[in-house]
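# Task: produce atomic coordinates for the following.
(2 chains, ligands or ions: 2)
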Amino acid sequence: MEKQLVTLPNAPLPFVDRLAVRIAAPVIVAALALGGWEAYVRIAETPSYILPAPTKIVQTLWSDRAELSAAWIVTLKTMFSALGLAVAGGVVMAVLFSASRLLEISLFPPAVVLQVTPLIAIAPLLSVWLGDQPWLVLLLCAFIVAFFPILSNTVAGLQSVDHGHRDLMRLYGASPLQRLWMLQIPSMLPYFLTGLKVAANLALVGAIVAEFAVGAGGKQTGLASTILESGFRLEVPRMFAALALVSFTGVAVYFLIHALSTWLLSPWHDSAVRRDT
Amino acid sequence: MAQTSTPTHADKRPTAVELIGVEKRFSGGVHALGPIDLAIGRGEFVCLVGPSGCGKSTALRMVAGLATPTAGTVRSGGHQKGQPASEAGYVFQEPTLLPWSRVWDNVYLPLRLRGVSRSEARPAVERVLAQVGLEDFAKAYPRQLSGGMKMRASIARALVGEPSLLLMDEPFAALDEQTRFRLNNDLLHLWQEGRWTVIFVTHSVYEAVYLAERIVVMAARPGRVLAEIAVDAPAVRDESFRRSVRYDELCRKVSEVLLEAAR
Ligand SMILES: Nc1ncnc2c1ncn2[C@@H]1O[C@H](COP(=O)(O)OP(=O)(O)O)[C@@H](O)[C@H]1O
Ligand SMILES: [Mg+2]
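Numbering: from 1, shown residues only, chains lettered A, B, ... in the order given. Ligands and ions are numbered 1, 2, ... in the order given. This is a model prediction of the structure:
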C-alpha cells in the first residue's frame, strides 16, 4: 500500500514570490514616484491649482475630511448596492439559464445588447424616466455594467461542470437541488470570483460615470460631484483628494476579492495554488 | 478456437445482470453496440475486453442506467427503466473525485445523496477507507493524492453503499504498472471478502486474465461479443499466477481471438 502523502513543497520560495519582496517592490516604486512628484512641485514651485504636491493632497484629505467622507460614503453605497444586485441577479439568471436552454437563448442577446451599449448613452435616458429619483438612476447604471460579467462568468462556470461528475450525480440519484449545491455551485465558483473582480471594478466605474453624466441631484452627492465641483472652483488639491479616494476604493476592493477568492479556492483549485517547478 | 459461448460455473448462480438483444445507436448515426446478449451471474467477476471503440463503456453505462439501449432489454437488480441502478457502484476511468471535497466527503457522497447523515455514515465511510488503505488520508484533498491513491478513493466511494454490483470502466488504465498490479491484487482481495458481482472493463488482455472468472471478448464496428472464455484458474490469485504457464496460455488464447477479429 502506498502511504506517502504528496505534501506541498516547503522549498524556499523564488525571490519574486517572497512576501517581503512582493510588498516592498511596489512600495518602493510608489515612494520613488511620489518623492519625485513632491520634489518636482517644490523645485519648480508649481502652483497647487495646477499640480498639488502629494503632501498637499494628504493635507486636503484631512482638512476636508467631513465633505470628502460624506461623498465617499454615497459612492460606496451606490457601488455596493449595485454590486449586490448584480451578484444576486446574475447568479439567479445564470442558474435559470442552466436549467432552461430556451430562457438562455431568449434572454442572453438582450443582456449582451445592454452590455455593449455605452453606459454614458443610457444614463440620460434613465434620468428622463426616473428624474425624480437620481439615486435610482445611479444605482441602475452601476448595476447594468456590473451585471454582465457576473452573468457571463457564472454561465460559463455552470457549463464547465465535468461530464464525469455529472454522471456521478446521476448514478447516485442526486436531486436537481443537490446537484446545484454539491456540484454546479462549487464548479462555477472560480469563474464567478473572476467575474466578481471585474464586476466590482465596473460597479465603481459605473457609479462615478453615471454621476458625471446625470448629476447627483439632491443633497446626497458622491465623489464624482466632488471632482466636478472642485474643478469648476479650481480647487485642484480637493480634486486630487477625491481622485485618490476613488483609486483607493478600486484597489482595496480588488484585493479584498482576491483574498476572498484565495481563501475559498486555495485548498483545491489550481489557480490558487503555487506550483513547484 | 473458443468462438462459442463457453458454459461456466456461473451458470449455477442466479443471474444478476442480463442483456438481451441490446443495441445502441447514437443520434449521430454511430452504431456503437450490438445487438448483444450477455448474462452475468450473481457474485461473478467478468471482464469485458476489446479494442477501444467497441462499445465497452456504452455497455457498462447501459447496465448502470446512465444510458438507455436503442433496442433490447437490460436487466440488473433493482434498476427500473431509465433510472440508475441504486445498488450499483461505478468506478470511472478517471477518479472523478470532487476536487473541493476532502477524501472523506468524496467517499461519503453516495450516502449523502441518499440522505444518510454524516454520523450515520461514519462507520461505513471509515470501513471502506480502511479497506482501500486510505484511513490516514481522510482529510486530504484529491490533489494531494497520487494517481493510485485517487483511484483507491474512487473505489472506496463505489463500495460505500454496499453495492451488489460493481461496474469498473478501465479504472487502472492511467496508472503505472506497479500500481496497477498492486491495485489488481487489492481488488481481488476485496472481492473475496465482498463477493459482489463485478463487471470490469479493460483493454488489457493480461489484466483481464489475471482478474476475471470469465472474459467476454468484444470486437468493434459494430460492437459485438466475439467469445466468452472461462478462466479456469485458482480462485485465489497472486503474483505466482502471473508467472504460471496457465496464465500465459490463457493470455495467448484471448489475444488470438482478438487478433482473428482484427484480421
Ligand atoms: N455520446 C456519444 N455520442 C456519439 N457516439 C458515441 C458516444 N459515446 C460513444 N460513442 C461511440 O460509440 C462507440 C463505442 O464507444 P465506447 O463505448 O466508448 O467504446 P469503448 O469504451 O469500448 O472504447 C465509439 O465509436 C464511440 O465513438
Ligand atoms: Mg471506454
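
# Can you pull the residues of the stretch 1-150 of chain B lying near chain A?
With CB under 8 Å from any CB of the partner chain as the criterion, the stretch 1-150 of chain B meets chain A at residues B:61, B:64-66, B:83-84, B:86, B:88, B:90, B:92, B:94, B:96, B:98-100, B:109-110, B:112-114, B:133, B:136-137, B:140-146, B:148-149. Glycine gets a C-beta too; all of them are placed from N, C-alpha and C.

# how about a cut-off of 6 Å?
B:66, B:84, B:90, B:92, B:94, B:96, B:99-100, B:110, B:113, B:133, B:141, B:144, B:146, B:148 (CB under 6 Å from any CB of the partner chain).

# Which among the residues you listed count as buried?
The neighbour-count criterion (16 or more other CB atoms under 10 Å in any protein chain shown) marks B:66, B:84, B:90, B:92, B:94, B:96, B:99-100, B:110, B:113, B:133, B:141, B:144, B:148 among those as buried.

# Tell me the one among those nearest to residue A:226.
Distances from residue A:226 to those, taken as CB to CB, are shortest for residue B:100 (43.8 Å).

# just for the stretch 151-277 of chain A, where's the confidence low?
A:216-219, A:271-277 (pLDDT under 70).

# That one against chain B: which residues are in contact?
By CB under 6 Å from any CB, the residues of the stretch 151-277 of chain A that approach chain B are A:164-165, A:167-168, A:170-172, A:174, A:178, A:186, A:267-268.

# where exactly do the strands run in the stretch 151-263 of chain B?
Remark: strands assigned in the stretch 151-263 of chain B by DSSP state E, counting those that start in this stretch are B:165-169, B:197-202, B:214-219, B:224-230.

# could you measure the residue located most distally from the centre of chain B against ligand 1, distance?
Farthest-out residue of chain B from its mean C-alpha position, per CA atoms, centre = their mean: residue B:119, at 29.7 Å. Going from residue B:119 to ligand 1 by CB to the nearest ligand atom, to the nearest Å gives 39 Å.

# per the record, what domains does chain B have?
As assigned by the TED database, chain B contains the domains B:15-88+B:164-262, B:101-162.

# follow-up on the earlier one: sitting in helices, which of the residues of the stretch 1-150 of chain B next to chain A do you find?
The helices, defined by DSSP state H, take in B:110, B:113, B:148 from the residues of the stretch 1-150 of chain B next to chain A.

# Could you export those residues as JSON lines, including distance to residue A:65 and pLDDT?
Below are these laid out as JSON lines (distance: CB to CB, whole Å; pLDDT from 0 to 100):
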{"residue": "B:110", "distance to residue A:65": "59", "pLDDT": "94"}
{"residue": "B:113", "distance to residue A:65": "56", "pLDDT": "93"}
{"residue": "B:148", "distance to residue A:65": "62", "pLDDT": "89"}
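
# And those, which is closest to ligand 1?
Of all those, ligand 1 sits closest to residue B:148, with 22.0 Å by CB to the nearest ligand atom.

# how many neighbours does the closest residue in space to the closest one that isn't next to it in sequence have?
Leaving aside its chain neighbours, residue B:148 sits nearest to residue B:179 (4.0 Å; criterion: CB to CB, 6 or more residues apart in numbering or on different chains). Residue B:179 sits with 18 neighbouring residues when counted by other CB atoms under 10 Å in any protein chain shown.
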